[in-house]
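**Q** After the sequence you'll find the predicted model.
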Amino acid sequence: MDKFITISKLDEEKINQILKTSFYYEDYSSSELVFDNMFVWNYQKQIEILWLHSELAIIRSLEKDNVWIFFPPVAKDQENFLRGLDYVRGNYPTNIVSGLTKTMVDAAQNSGGLFLYDDYFSEYIYDPRELAEMKGGTFSRKRNLIAQFKKKYAYEFASYREENFEDVIAFLNRYRAEGGACEDFEAITYALEKRRELNILCDLLLVDHLVVGISIGTISIFNHAVTLFEKNDFNYVGSGAILVQLTTAKHYANCRCLTRQEDLGLPQLRKAKLSLNPIVKERKYACVFDPITIALYHLYADTFDDSPDYVDFFFLHTYHRDRSFYVMRDNQVASALHIVMKTMAFNGRELPLPFVVAASTRLAYRRQGLMRKVMINAFQRLRELGREVVALYPVNPDFYLDYGFVHYTFTRNLKDYISTFECGLEQTNDGRLLSEMYNACIQHCDGYVQRDENYYGEYLNSLWQDKVVFDLIKKDGNPIGYVAHKDGDIDEILLCGDECPVHKLVDFANANLSHPEGTIPANMIRIINIERFLLNMKFKECVKAKISMRITDRFVAANNVDIELRVENGRADLSHASEPELTIDIEALTKVLFLGRGDFRLAFLFPNKKMVCFDKF
């Protein structure tokens, strides 16, 4: 196989010569193939290049989990572009090619790849003259912020010099300490250190000689501007808006367009980029060659009515090849399911929670026991990985009862609430606020799926692909919950309180809310390693018990055990039971363990717990 080497400044001229004559040169408005952008992210020598010949180069970047992601082939014409894709397909079939524009996708339809819309890396494109002038009603708020900044602060806008380096580092450290994203700090410092080798433009915003903003960008060979990095101190009101205006007016006003790059799926970053009135969010694509992934994609798309953008999002950002289980028939994937990993708080500990989604079988292969084979394979593999349980939200509960799943959470219909109130709705994309509200509402529950700001960030973005929005539910102006909905149809609702909201745009009365005292069956769970689960249970220190039992499981053979359970000092101990005093199947035992319901000889050990689960996928 040909040898990749670390990309270097020596490659710049050759790359740019090809790009200037490439078939995608005229309308290229993105950032991946801008050499300065590649160079500044190469601070750990993680970007490599392979020259297949003088008119074709393959570039790749080592990303998280040590996975190579490939750039669009650097190619003069369509023939060489296809040859580049074919090289990736032949030598790295499970890796993806990212950052493809629509022009590239159109040229590569016969490449054998699956092209997926990648919302995370689609770039925001602007008219630089608009950002330099900020005229009209669209920019009225930005102008007000700029006016406040000018009035309040004695500021200076200056080109970066080497003697500013330590001041910039101090600014970045302050930015990090106040909660700002810092994933690009190493790239920023590398860019500053290598500034004289590059064609970058760097400016500082200072207030009383203190750095409160930095902007680093470049003008590409495509005659478009690229904002590589931009940071501002949000304690200085208006610093972000004036930094954008001054930088654009100084350097980029005569460029064809300006890209401020992607939002990486971060809701607050998306909000900030949209507030600057982009011409378009240019759609970018990733190419997948792995035949199994492609087959799983088509089974999903053919079975479910999710939008194409949502399905693409799932397979780019949620799907994991090693967490998908399937069976083949007639050289195609006939039946499959996917596992999404979550974390469950239960019985005073954190429990890894494999969550089944998108279980489906092609119509022609149904009623042939294929899903049973898929489930067996999934349970066996999850046991090997040390997992104790597996959960899901059932569309058809009866179907999953056959596999040993048991309802462990319940919902209540909001129309059962006696009290109602007129609520206000306010759209939000604040993952931190949503996670804080979630944690406040479930704090007194004994079992729930853990959610944090990152969880909500991905959740917001996944539902956004289907145009589902999150609205805060407000009572007397204060948020008391949220609703995720599309045109009034509710996907999820969270409420801190026992009153039903009323609003003309959303039918709350017919919504079901996960509730520890609910009666409508909702999420289901299945124990796949009963001995491990029992050994990890926590008990009250005062409880002492000894009971022998035969556990039967018609689906997971390893769960068929005769055990003696001894409880003392808050922990359980297990040994073989020669003459079990009771026989219990896995479904009945699950109800005892999670709900405290069932045989009194066991139920007293596992008192009823308050369980909720809002997750459906």
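**A** Structure's in. What do you need?

**Q** And the strands in the stretch 201-350 of the chain?
**A** Per DSSP state E, counting those that start in this stretch, the stretch 201-350 of the chain has strands spanning 210-219, 225-232, 258-259, 280-282, 285-288, 324-329, 332-346, 349-361. These are given in chain order.

**Q** any chance of these in JSON lines, with distance to residue 546 and mean pLDDT too?
**A** C-betas here are computed from N, CA, C, even on glycine. Compiled in JSON lines, those are given as follows (distance: least, C-beta to C-beta, whole Å; pLDDT from 0 to 100):
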{"stretch": "strand 210-219", "distance to residue 546": "67", "mean pLDDT": "96"}
{"stretch": "strand 225-232", "distance to residue 546": "63", "mean pLDDT": "96"}
{"stretch": "strand 258-259", "distance to residue 546": "69", "mean pLDDT": "97"}
{"stretch": "strand 280-282", "distance to residue 546": "64", "mean pLDDT": "95"}
{"stretch": "strand 285-288", "distance to residue 546": "55", "mean pLDDT": "97"}
{"stretch": "strand 324-329", "distance to residue 546": "39", "mean pLDDT": "96"}
{"stretch": "strand 332-346", "distance to residue 546": "24", "mean pLDDT": "96"}
{"stretch": "strand 349-361", "distance to residue 546": "23", "mean pLDDT": "96"}
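
**Q** and among those strands, the most buried is which?
**A** Here the criterion is mean neighbour count by mean count of other C-beta atoms under 10 Å, and of the strands of the stretch 201-350 of the chain the winner is strand 258-259, at a mean of 28.

**Q** what ranges of the chain fall below the confidence cut-off?
**A** Flagging of the chain using pLDDT under 70 yields the residue ranges 1.

**Q** Mind doing that once more with 50?
**A** Under the criterion of pLDDT under 50, none of the chain is flagged as low confidence.

**Q** residues touching the most centrally placed residue in it, list them.
**A** Nearest to the geometric centre of the chain sits residue 458, at 3.3 Å (C-alpha atoms, centre = their mean). Taking C-beta atoms under 8 Å, 6 or more residues apart in numbering, we find residue 458 in contact with 265, 317, 318.

**Q** Tell me how the chain divides into domains.
**A** Under automatic domain parsing, the residue ranges defining each domain of the chain are 5-121, 128-256, 293-387, 411-521, 529-603.

**Q** Spell out, range by range, the helices that occur in the stretch 51-200 of the chain.
**A** Applying DSSP state H, counting those that start in this stretch to the stretch 51-200 of the chain gives helices spanning 78-91, 102-107, 128-133, 140-152, 165-177, 185-193.

**Q** how about CSV for those, with mean neighbour count and distance to residue 260 added?
**A** Formatted as CSV, these follow (neighbours: other C-beta atoms under 10 Å; distance: least, C-beta to C-beta, whole Å):
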stretch, mean neighbour count, distance to residue 260
helix 78-91, 18, 27
helix 102-107, 18, 19
helix 128-133, 19, 9
helix 140-152, 15, 14
helix 165-177, 15, 18
helix 185-193, 18, 16
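
**Q** Does anything pack onto the host helix or strand of residue 587? Which helices or strands?
**A** Counting by DSSP states H and E, the element that carries residue 587 is helix 586-595. In terms of contacts (3 or more C-beta pairs under 8 Å, 6 or more residues apart in numbering; DSSP states H and E), helix 586-595 is packed against strand 406-407, strand 524-527, helix 530-535, strand 545-552, helix 600-603.

**Q** and residue 56, how many neighbours?
**A** Under the neighbour criterion other C-beta atoms under 10 Å, residue 56 is assigned a count of 20.

**Q** distance of it from residue 78?
**A** Here the distance between residue 56 and residue 78 works out to 12 Å (C-beta to C-beta, to the nearest Å).

**Q** Kindly report the same for residue 299.
**A** The spacing between residue 299 and residue 78, counted by C-beta to C-beta, is 31 Å.

**Q** With residue 328 instead?
**A** Between residue 328 and residue 78 the distance, using C-beta to C-beta, works out to 34 Å.

**Q** Equivalent analysis for residue 479, please.
**A** If you go by C-beta to C-beta, the gap between residue 479 and residue 78 works out to 53 Å.

**Q** could the domains of the chain go into JSON lines alongside distance to residue 401?
**A** As requested, these are arranged in JSON lines below (distance: least, C-beta to C-beta, whole Å):
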{"stretch": "domain 5-121", "distance to residue 401": "35"}
{"stretch": "domain 128-256", "distance to residue 401": "45"}
{"stretch": "domain 293-387", "distance to residue 401": "13"}
{"stretch": "domain 411-521", "distance to residue 401": "10"}
{"stretch": "domain 529-603", "distance to residue 401": "8"}
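
**Q** which ones are touching the residue nearest to residue 85 when sequence neighbours are not counted?
**A** Nearest in space to residue 85, with sequence neighbours left out and distances taken as C-beta to C-beta, 6 or more residues apart in numbering, is residue 111 at 4.6 Å. By C-beta under 8 Å, 6+ apart, residue 111 lies in contact with 82, 85, 86, 89, 287.

**Q** so the last one makes contact with residue 109?
**A** No: taking C-beta atoms under 8 Å as the definition, residue 287 is not a contact partner of residue 109, at 10.8 Å.

**Q** Please enumerate the shared neighbours of these two.
**A** Counting by C-beta under 8 Å, 6+ apart, residue 287 and residue 109 have no common neighbour.

**Q** May I see the buried residues of stretch 249-257?
**A** 249, 251, 252, 253, 255, 256, 257 (16 or more other C-beta atoms under 10 Å).

**Q** Dump the helices and strands packed on helix 586-595 into TSV; add mean neighbour count and distance to residue 46 as well.
**A** Below are these laid out as TSV (neighbours: other C-beta under 10 Å; distance: least, C-beta to C-beta, whole Å):
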stretch	mean neighbour count	distance to residue 46
strand 406-407	20	47
strand 524-527	24	41
helix 530-535	18	39
strand 545-552	16	50
helix 600-603	14	54
